[in-house]
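**Q** Quick one, fold the following:
(2 chains)
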Amino acid sequence: MTADPDAFRSVRAWPFEEAAKVADRLAKSGKEEAQGDVLFETGYGPSGLPHIGTFGEVARTTWVRRAFERMTGRPTRLLAFSDDMDGLRKVPDNVPNKAMLAGHLGKPLTAIPDPFGTHDSFGAHNNARLRAFLDAFGFAYEFASSTDYYRAGRFDAALLRMAALHDRVRDVILPTLGPERRATYSPFLPIHPETGVVMQVPMEEVRPEDDLLVWTDPETGRRHGTRITGGHCKAQWKADWALRWFALGVDYEMSGKDLIDSVKLSSAICRVLGGEPPATFTYELFLDEKGQKISKSKGNGLTIEEWLRYAPPESLAQFMFGAPGRAKRLHFDVIPRAVDEYLANLEKLKAQPDPANPAFHIHDGGSNDPGSPIPFAMLLNLASVVNAEEPGMLWGFIRRYAPDLTPESHPLLARLAEGAVAYYRDFVLPTKHHRAPTPVERAALEDLLHTLRALDAASDAEAIQNAVYEIGKRHPFPGLRDWFACLYQVLLGQQEGPRFGGFVALYGIPGTIGLVESALARTGEAAA
RNA sequence: GAGCCGGUAGCUCAGUCGGUAGAGCACGAGACUUUUAAUCUUGGGGUCGAGGGUUCGAGUCCCUCCCGGCUCACCA
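**A** The predicted structure follows:
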């Protein structure tokens, strides 16, 4: 597609609307020609490991970034910024060596040994996890470590400027704090020269001309002088965000609605420093199936591993694309719908590259993926009907439906078949109830057992079906329907089922014999 | 207290530029048949949360209110 700014401006898709915001901001601020790359940022807290929200934020930011490139033709960068210099507040639950970590509370994550023992520091470990996560999805980004940036002096000029404007920055922040914090608050957090702890103490003197902060350790009563620059102090969170925006010239950053106040405050600080805050975007948080908020400690909601167990990442991207400004329920039940929406959009994309199509963004403009001619919902249904234990059973039916489909020709379909089997195994199978046979049914099943053992292993579905049908007629069932209902309820544990001969042919005669044997061995209440 | 999002069929939701209210599921009826359905056809079901405004015309735009959910007011 040729870059035609006005055409893309009118596209009814939120990434283009966001891209227009970025373009307008650049035009207004006069940065249009001044600097080169337009900078998009996503930020990461120190303690959190990458999760499903991380995927959403990076995917969404990437879509805005690409839309902006199409709209303006300008080069961009995506900075994945890790706030790894932040002090460790509490020992996380999900790590080894908790006692060791407890001895390092308050220190920057990059100054704490790695509890996993695989990296130079806890911060480095978390950073590696983040990068591996982003790489696994093929995101294009540039990683940034806060510690590295501070130490390399990339914030020095901005820090000195913030020191020179110390009172004005405080004036912006203080009204938002409670009276207790207000008394001691400083946007500067010096690193203790002896303990290495990130200190939250009042500044007695802020002397940018001497590159010096003066403060007192409340524990020892000793006064310290700490350099402002060179990584000897860091900025408190909201000031830190503003400092970063100002120093790096961040043009776009999105965040959850829990950070609305922080965005406002950091924007105000950024302006005090003399910068223009980035174009920002607030997305809604996700809820679980009951409408409760997703909380890692509660364990509700859905992890990204769980989603990918049942469906490919494109379907998760489809989910993340839809209505970011709306609170959406994120649980297992939304997966089939997201998959089928994605499949439909993929087909539309292949027919015509429409920038309003979510798949256009997910595939950065186009795709020649053969997709899946079979909807995921149908595969799930099929998996349940045939009691699918592995994808090959689904493929037996798929080939009958469309002989030219193979896992090789349609890898996405193959992935969906695997997901459907997993979904069936995890959600449908546990609810199945194999009832015990009645005396009449027991006799018929024994008859079936002998018949199956006598059958030629190469018998086709029709021959098996006829044999099963004859057994039903030999025994005193009120109707043949009851014989087949017995087969489904006793053997498969479900109310309905596939044509039985076809099922046996696919499932195998030995396997079916096993089902009958275990059903006959089962004791317990017979159905009335 | 401040802010964000929502309220449309029994359920989950879609509804584009303001132009005669839609889908899926569920439910009802029918067709097909060696029991079945990855089959087909079809039906019923709506105060679009309430009120006002703009308009020839409002689910849609504006204002007020009600209800529900969430977030922030300590830290990041």
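**Q** Roughly how far does the nearest residue to residue A:106 once chain neighbours are set aside sit from residue A:267?
**A** Excluding the flanking residues, the one nearest residue A:106 by C-beta to C-beta, 6 or more residues apart in numbering is residue A:197, at 3.8 Å. The way it works is simple: take the backbone N, C-alpha and C, and place the C-beta from them, glycine included. To residue A:267, residue A:197 is 30 Å away according to C-beta to C-beta, to the nearest Å.
**Q** Quick one: residues contacting residue A:60.
**A** If you count contacts by C-beta atoms under 8 Å, 6 or more residues apart in numbering, residue A:60 has them with A:15, A:254, A:283, A:320, A:321, A:324.
**Q** what about chain A, any weak spots by pLDDT?
**A** Across chain A, the ranges flagged by pLDDT under 70 are A:1-6, A:30-35, A:47-48, A:288-301, A:400-401, A:431-432, A:479, A:495-498, A:506, A:523-528.
**Q** how's it carved up into domains?
**A** Split into domains by automatic domain parsing, chain A comes to A:6-286, A:287-352, A:433-520.
**Q** ok, the first one near RNA strand B or not?
**A** Yes - contact of domain A:6-286 with RNA strand B (C-beta under 7 Å from any atom of the strand) involves A:12, A:45-46, A:83, A:86, A:89, A:176-178, A:181, A:185, A:189, A:200, A:236-238, A:240, A:257-262, A:282, A:284-285.
**Q** Can I have the buried ones of those as a ChimeraX selection?
**A** This is the ChimeraX syntax for the buried subset of the residues of domain A:6-286 next to RNA strand B, where burial follows 16 or more other C-beta atoms under 10 Å:
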select /A:46,83,86,185,189,200,236,237,238,240,259
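**Q** In strands, which of the residues of domain A:6-286 next to RNA strand B appear?
**A** Among the residues of domain A:6-286 next to RNA strand B, the residues falling in strands (DSSP state E) are A:189, A:282.
**Q** For the closest residue to residue A:245 other than its chain neighbours, the count of nearby residues, please.
**A** Using C-beta to C-beta, 6+ apart and skipping the chain neighbours, the partner closest in space to residue A:245 is residue A:270 (4.9 Å). Residue A:270: 23 surrounding residues under other C-beta atoms under 10 Å.
**Q** what does residue A:202 give?
**A** Per other C-beta under 10 Å, the neighbour tally for residue A:202 reads 11.
**Q** Kindly indicate whether it is helix, strand or coil.
**A** Under DSSP: H, G, I helix; E, B strand; the rest coil, residue A:202 falls in the coil class.
**Q** How about it, nearest residue that isn't a chain neighbour?
**A** Excluding its sequence neighbours, the residue lying closest to residue A:202 (C-beta to C-beta, 6+ apart) is residue A:184, at 4.7 Å.
**Q** With residue A:262 instead?
**A** Distance criterion C-beta to C-beta, 6+ apart; nearest residue to residue A:262, sequence neighbours excluded, is residue A:238 at 5.4 Å.
**Q** and what of residue A:420?
**A** Nearest non-adjacent residue to residue A:420 (C-beta to C-beta, 6+ apart): residue A:379, at 3.9 Å.
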